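Novice: structure, please.
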Amino acid sequence: MTKMREADIRAVYAFIMTRHPVRATAPSNELPFPLNIRMLVAGWKLLYLDKEPARSESSKSAEWNRGAYLVEGLGHCGACHTPRNLLGAEKRDQAYGGGESDGWIAPALNAASPAAVPWDADRLQHYLRNGFDDLHGIAAGPMAPVVENLKSVSQDDVRAMATYVAAIAGVPSNERQARASKAIERAKDTSDPSWTLNRGIRRP
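Specialist: Numbering: from 1, shown residues only. Below is the predicted model:
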């Protein structure tokens, strides 16, 4: 929420207040000692809470800046796609270097991406809007509801997110592009069982 603009925070609150209230009893705290001591959260926040608000970069396009705001703030994509330390905080020096969510691997979105074929903005936009890409696979696990929710988001915002994520990965090297071309050729040969799509992988 620290990355969100005040107007957007107010809009989210206004929407929540239109929901019908329900009666429910909060589950009891099942965290083991000393993690069940709420005051420890203050120490964690002191160490790891990122209070820096979202900022625009004048050297980047309006689309890139919009994408950065959505990905870093409202979308908080790094929550799954960034590795965490022993205390559960994101490793900021390894942003988008790959993480885990609900027992699923969240692949790296930066230059360390394991995708056989590098992502670009066009393919990311199609994937985020439709939940699949012919060279990368289908959105599964925790990514499936993300894509489902993005169906209600404007095409311009989805494009902005794709532009920003593609920029995180950067332009692939000539060597990687050459490997990608070979991978695509192998994919055309359905008799090759070693070809696999890049997708979320459930841990055994």
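Novice: got a list of what residue 61 touches?
Specialist: The neighbourhood of residue 61, defined by C-beta atoms under 8 Å, 6 or more residues apart in numbering, consists of residue 163. Glycine gets a C-beta too; all of them are placed from N, C-alpha and C.
Novice: what about 10 Å?
Specialist: When contacts are counted by C-beta atoms under 10 Å, 6 or more residues apart in numbering, residue 61 is found next to 67, 160, 163, 167.
Novice: same question for residue 165.
Specialist: For residue 165, the residues meeting the contact criterion (C-beta under 10 Å, 6+ apart) are 67-68, 71, 75, 77, 81, 96, 109-110, 119-121, 124-125, 127-128.
Novice: tell me which of the residues you listed has the lowest pLDDT.
Specialist: Taking these together, the minimum pLDDT is found at residue 75 (92).
Novice: chain neighbours aside, what residue packs nearest to residue 75?
Specialist: Taking C-beta to C-beta, 6 or more residues apart in numbering, and ignoring the residues beside it in sequence, residue 75 has residue 161 as its nearest neighbour in space, at 6.6 Å.
Novice: of all the residues in the helix or strand hosting the one you found, which ones are buried?
Specialist: When secondary structure is defined by DSSP states H and E, residue 161 falls within helix 155-169. Of the residues in helix 155-169, 157-169 count as buried by neighbour count, 16 or more other C-beta atoms under 10 Å.
Novice: can you give me the strands for this structure?
Specialist: Shown for the chain, the strands assigned by DSSP state E span residues 99-101, 104-106, 132-133, 137-138.
Novice: and these as CSV, adding mean pLDDT and distance to residue 47?
Specialist: Putting those into CSV (pLDDT from 0 to 100; distance: least, C-beta to C-beta, whole Å) gives the following:
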stretch, mean pLDDT, distance to residue 47
strand 99-101, 94, 19
strand 104-106, 95, 23
strand 132-133, 94, 38
strand 137-138, 91, 37
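Novice: mean neighbour count and distance to residue 48 for these - can I get that in a markdown table?
Specialist: As requested, those are exported to a markdown table (neighbours: other C-beta atoms under 10 Å; distance: least, C-beta to C-beta, whole Å):
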| stretch | mean neighbour count | distance to residue 48 |
| --- | --- | --- |
| strand 99-101 | 17 | 15 |
| strand 104-106 | 20 | 19 |
| strand 132-133 | 18 | 34 |
| strand 137-138 | 16 | 33 |
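Novice: closest one to residue 28 among those?
Specialist: Minimum separation from residue 28 across these (C-beta to C-beta) falls at strand 99-101, 24.7 Å.
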